[in-house]
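**Q** predicted model and sequence below, questions to follow.
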Amino acid sequence: MSDATKVHVGSEEESRRVAEESREKEWAGRTFLRELFLGNFLLPLVYPFPAEQRENPAFTKFYDDLKTFLRAEVDSVAIDESGEYPEKVVKGLAQLGAFGIKIPKEYGGLGFSVSEYCQAMQLIGSYDSNIVALLSAHQSIGVPQPLKLFGTDAQKKKYLPRCASGTISAFALTEPHAGSDPASLTTSIERDGDLYVINGEKLWCTNGTMAELLVVMARHPDTKKISAIIVETDTPGVKVEHRCRFMGLKALANAVISFKDVRVPRENLIGGEGQGLKIALVTLNTGRLTLPAACTGIAKRCMETLEGWCNQRHQWGVPIWKHEAVSHRVADMAATIFAMESVARLASSMADRGGYDIRLEAAAAKEWNTVRCWEIADQTLQIRGGRGYETERSLAARGEDPVPVERLMRDCRINLIFEGASEIMHLFMAREAVDKHLQVAGAFIDPKKSGAEKRAVVPNILKYYAQWYPPLWLRGLKTPSSYGEWGRLAPHLRAIDRGCRKLARESFHGMVVYQAKMERKQGFLFRCVDIVMELFAMTATVARARQMLDDHHPEAQRGVELADLFCRGSRRKVKRLFHELWSNDDARKNAIAASVMKGEHALLTGGIVNLGFEYKTHFLSAPRPAEVSRKEAPQAAAAVGS
């Protein structure tokens, strides 16, 4: 292993410090979800719900052209089987302007809003997830978004027109030994006069084999800080080591990329030195909104499939939807899809309206919609039965419609991992959930603080909680008569109001009971996060249904029916989660997991063929016997099956 790729595994303390330093300390705007965690149901922040947008002729034309292009030019089966993006498809998307949907017009982009961008991603998601990945990795986490937010005028003028015209970009953060733990980042960046020198290796760079531009996250050896810098992939020392292949998204242009003494101009640094992680986190606040929209498109594709199949397929003399085993699933899926679209639209509109700090809303929308999408895809395959498991090509070969359920399911599973795995999203939201409590009482539960330091903060703690805690009970006195003007939807708003106050109390009780150990109580924290996500989804759904009534939408009553059914199920889920906060098997599970990991349960792995794996991560950037060019590397890797 070269010096550039020596493994650095951060200590637990270092990892926490780096993560804490990188998070945004201040809340720069209104935030609905943070207030829910604190027991405040601020309905005016989300209602009126964003009404149907006024027609933007330029966007309507782009949307229609995009739909026509997908149908006429994108052969999803061929892309899946070949594992490649056809050149004509990439060029066609560039000609449409699809690589610059959110880039301002002054830089050659289309200049559309976040909501319009998400509408396009929903459309593409319903058709081909490979295309979503290509465009999203470029626009959500690649060069355009961080430059829009943090770039200098010179950087914007230099790079945004290229990005808008179809120059593909990628984001390089993950390493073999560093995923969600930035303290273990190994790639280095060092000053050398007017240049920076980069050494290291990056794993899973989506678009990496096609990209001409990279946003690279690297650590300064002297300060240990992490910076973000733009790297042109034709710079000497940049090399694609391997084309990664996956269960789904077969065309994903995903790469292992190495950097050996890569010299980059200082003016390519985004923001200041050491601001890389903050830039990445702020970028993702809006970048994550792609997936909620795309997953809504996937879910709608599933519903279209079931509408056709469940009417045509007869068993025991009737269409299968008339059997409760199927009809109940279909109804739940319908209500959930309405909720998914409500969540995606609300979050994207918050980004457009401005004045909101949407870090929690974006994370919740991403996490909640991706999980629901996977559940819907799984249920769709189950209802389709063997035809759901059969490939499109096989179905067509025997004369049936090539319904893409099998491919759809393979492709959508990654969404629970992309742009923050589900577990990381829970940890991120849990940290923000207790932020106010740590501001007030953090010093008291900090084991590093002395007794005198802890006693010094007691008066302020007592003052804050004396004012904050009693109203969480007292405000409930008026809840039974509130929201009467919402009619059929009023009970659900009252349930959300009660739920957020109970969540605030229970999270406070958790801190009192667990104190400094609270951060390790992920079972408790994750349930709190699941509760707030359900409350958020309920709020978005009810607000949208009410807005449809206000706007005299022709489907308003259908919307109310779907919102009512969704909230009924969601409220039962919330009730169960509250119960499990304090009545659970967490301690037993921890004990069993520890004994299993120590090898004390041999019966669990007996009777199988041992594959002999060591499960070690591995760097590829040590010198190889046979060097290949950057363009040849993906094909060479595929040829040897590596």
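**A** The structure has been received and is ready for your questions.

**Q** which SS class is Val240?
**A** strand (DSSP: H, G, I helix; E, B strand; the rest coil).

**Q** need the pLDDT of it.
**A** With respect to pLDDT, Val240 scores 97.

**Q** count residues in the vicinity of it, would you?
**A** The local packing of Val240 (other Cβ atoms under 10 Å) involves 25 other residues. The way it works is simple: take the backbone N, C-alpha and C, and place the C-beta from them, glycine included.

**Q** quick check: mean pLDDT of stretch 253-266?
**A** For stretch 253-266, the mean confidence score works out to 98.

**Q** next one: stretch 537-545
**A** Average pLDDT, stretch 537-545: 98.

**Q** that stretch: how far from the chain's middle?
**A** Taking Cα atoms, centre = their mean, to the nearest Å, the mean C-alpha location of stretch 537-545 is offset from the chain mean by 21 Å.

**Q** now swap in stretch 571-591 and tell me
**A** Mean C-alpha position of stretch 571-591 versus that of the full chain (Cα atoms, centre = their mean) differs by 25 Å.

**Q** just the CA coordinates for it, please, in PDB.
**A** Provided in PDB are the C-alpha atoms of stretch 571-591 (Å, rounded to 0.1, in the frame of the first residue of the first chain):
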ATOM      1  CA  ARG A 571     -51.400   7.000  14.000                       C
ATOM      2  CA  ARG A 572     -51.400   3.300  14.900                       C
ATOM      3  CA  LYS A 573     -47.800   3.100  14.000                       C
ATOM      4  CA  VAL A 574     -46.900   6.100  16.100                       C
ATOM      5  CA  LYS A 575     -48.800   4.600  19.100                       C
ATOM      6  CA  ARG A 576     -46.800   1.400  18.700                       C
ATOM      7  CA  LEU A 577     -43.500   3.300  18.500                       C
ATOM      8  CA  PHE A 578     -44.300   5.300  21.700                       C
ATOM      9  CA  HIS A 579     -45.000   2.000  23.500                       C
ATOM     10  CA  GLU A 580     -41.800   0.500  22.300                       C
ATOM     11  CA  LEU A 581     -39.700   3.500  23.600                       C
ATOM     12  CA  TRP A 582     -39.900   2.000  27.100                       C
ATOM     13  CA  SER A 583     -41.100  -1.600  26.500                       C
ATOM     14  CA  ASN A 584     -38.600  -3.300  24.200                       C
ATOM     15  CA  ASP A 585     -36.000  -6.000  24.000                       C
ATOM     16  CA  ASP A 586     -33.000  -3.600  23.300                       C
ATOM     17  CA  ALA A 587     -30.800  -4.900  26.100                       C
ATOM     18  CA  ARG A 588     -31.400  -8.500  25.300                       C
ATOM     19  CA  LYS A 589     -30.700  -7.800  21.600                       C
ATOM     20  CA  ASN A 590     -27.400  -6.100  22.500                       C
ATOM     21  CA  ALA A 591     -26.400  -9.100  24.600                       C
END
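
**Q** that one: which residues count as buried?
**A** Using 16 or more other Cβ atoms under 10 Å as the test for burial, stretch 571-591 gives Arg571, Val574, Leu577, Phe578, Leu581.

**Q** mind giving me the packing neighbours of the host helix or strand of the fourth one?
**A** Using DSSP states H and E, Phe578 falls within helix 556-582. Contacting helix 556-582 under the criterion 3 or more Cβ pairs under 8 Å, 6 or more residues apart in numbering; DSSP states H and E are the following elements: helix 324-353, helix 490-514, helix 522-550.

**Q** from the rest of the structure, what touches the next helix or strand after that helix?
**A** Later in the chain than helix 556-582, the nearest helix or strand by DSSP H and E is helix 586-597. For helix 586-597, contacts defined as Cβ atoms under 8 Å, 6 or more residues apart in numbering pick out Lys521, Gly523, Phe524, His601, Leu604.

**Q** burial measure for the residue nearest to the third one when sequence neighbours are not counted, as a count.
**A** This points to Phe524. Closest residue to Phe524 apart from its sequence neighbours, by Cβ to Cβ, 6 or more residues apart in numbering: Gly510 at 5.4 Å. Counted with other Cβ under 10 Å, the neighbours of Gly510 add up to 21.

**Q** is Gly510 in contact with Arg527, as I believe?
**A** No: judged on Cβ atoms under 8 Å, Gly510 makes no contact with Arg527 at a distance of 9.8 Å.

**Q** what do the two both touch?
**A** Leu581.

**Q** if I pick Glu400, what's in contact with it?
**A** Residues in contact with Glu400, defined by Cβ under 8 Å, 6+ apart, are Arg387.

**Q** per-residue confidence for it?
**A** 97.

**Q** so it, which state does it fall into?
**A** Taken by three-state DSSP, the conformation at Glu400 corresponds to coil.

**Q** got TSV for the helices and strands packed on helix 556-582, with distance to Glu406 too?
**A** Converted to TSV, the helices and strands packed on helix 556-582 look like this (distance: least, Cβ to Cβ, whole Å):
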stretch	distance to Glu406
helix 324-353	18
helix 490-514	37
helix 522-550	28
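
**Q** of all these, which one is nearest Ile424?
**A** Checking those against Ile424 by Cβ to Cβ gives helix 522-550 as the closest, at 11.4 Å.

**Q** just the helices and strands packed on helix 556-582: most buried one?
**A** The highest mean neighbour count among those, using mean count of other Cβ atoms under 10 Å, belongs to helix 522-550: a mean of 23.

**Q** isn't Ile101 up against Phe112?
**A** Yes: using Cβ under 8 Å, Ile101 makes contact with Phe112 at a distance of 5.3 Å.

**Q** give me the common contacts of these two.
**A** Phe62, Ala120.

**Q** okay, and the residue nearest to Phe259 when sequence neighbours are not counted sits in which element?
**A** Beyond its immediate neighbours in the sequence, the residue positioned closest to Phe259 (Cβ to Cβ, 6+ apart) is Ile198, lying 4.5 Å away. According to DSSP H and E, Ile198 maps onto strand 195-206.

**Q** which is the next helix or strand following that strand?
**A** strand 213-219.

**Q** and that following strand, how far from the chain's centre?
**A** Mean-position distance between strand 213-219 and its chain equals 20 Å (Cα atoms, centre = their mean).

**Q** dump it to PDB, restricted to CA.
**A** Only the C-alpha atoms of strand 213-219 are listed here, as PDB (Å, rounded to 0.1, in the frame of the first residue of the first chain):
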ATOM      1  CA  LEU A 213     -15.000  17.100 -13.200                       C
ATOM      2  CA  LEU A 214     -14.900  15.900  -9.600                       C
ATOM      3  CA  VAL A 215     -15.600  17.500  -6.300                       C
ATOM      4  CA  VAL A 216     -13.000  15.800  -4.100                       C
ATOM      5  CA  MET A 217     -13.000  15.800  -0.300                       C
ATOM      6  CA  ALA A 218      -9.500  15.600   1.200                       C
ATOM      7  CA  ARG A 219      -7.800  16.100   4.500                       C
END
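
**Q** shouldn't Arg191 be within a helix?
**A** No: read with three-state DSSP, Arg191 is strand and lies in no helix.

**Q** quick one, what contacts it?
**A** Residues near Arg191 by Cβ under 8 Å, 6+ apart: Val197, Arg266.

**Q** mind showing which ranges of the chain have poor pLDDT?
**A** Applying pLDDT under 70 to the chain flags the ranges 1-25, 52-53, 180, 622-642.

**Q** tell me which residue of it is furthest from the middle?
**A** Each residue of the chain has a distance to the centre, and by Cα atoms, centre = their mean the biggest one is for Gly317: 43.7 Å.

**Q** hang on, Lys88 in a strand?
**A** No: counting by three-state DSSP, Lys88 is not found in a strand; it is helix.

**Q** can you give me the distance of it to Ala137?
**A** Separation of Lys88 from Ala137 (Cβ to Cβ, to the nearest Å) stands at 20 Å.

**Q** for these two, indicate the residue with more neighbours.
**A** Between Lys88 and Ala137, counting by other Cβ under 10 Å, Ala137 is the more crowded of the two (27 against 10).

**Q** please enumerate the strands of the protein.
**A** Under the criterion DSSP state E, the chain contains strands at 169-172, 188-192, 195-206, 213-219, 226-232, 238-244, 254-265, 269-270, 314-315, 318-319.
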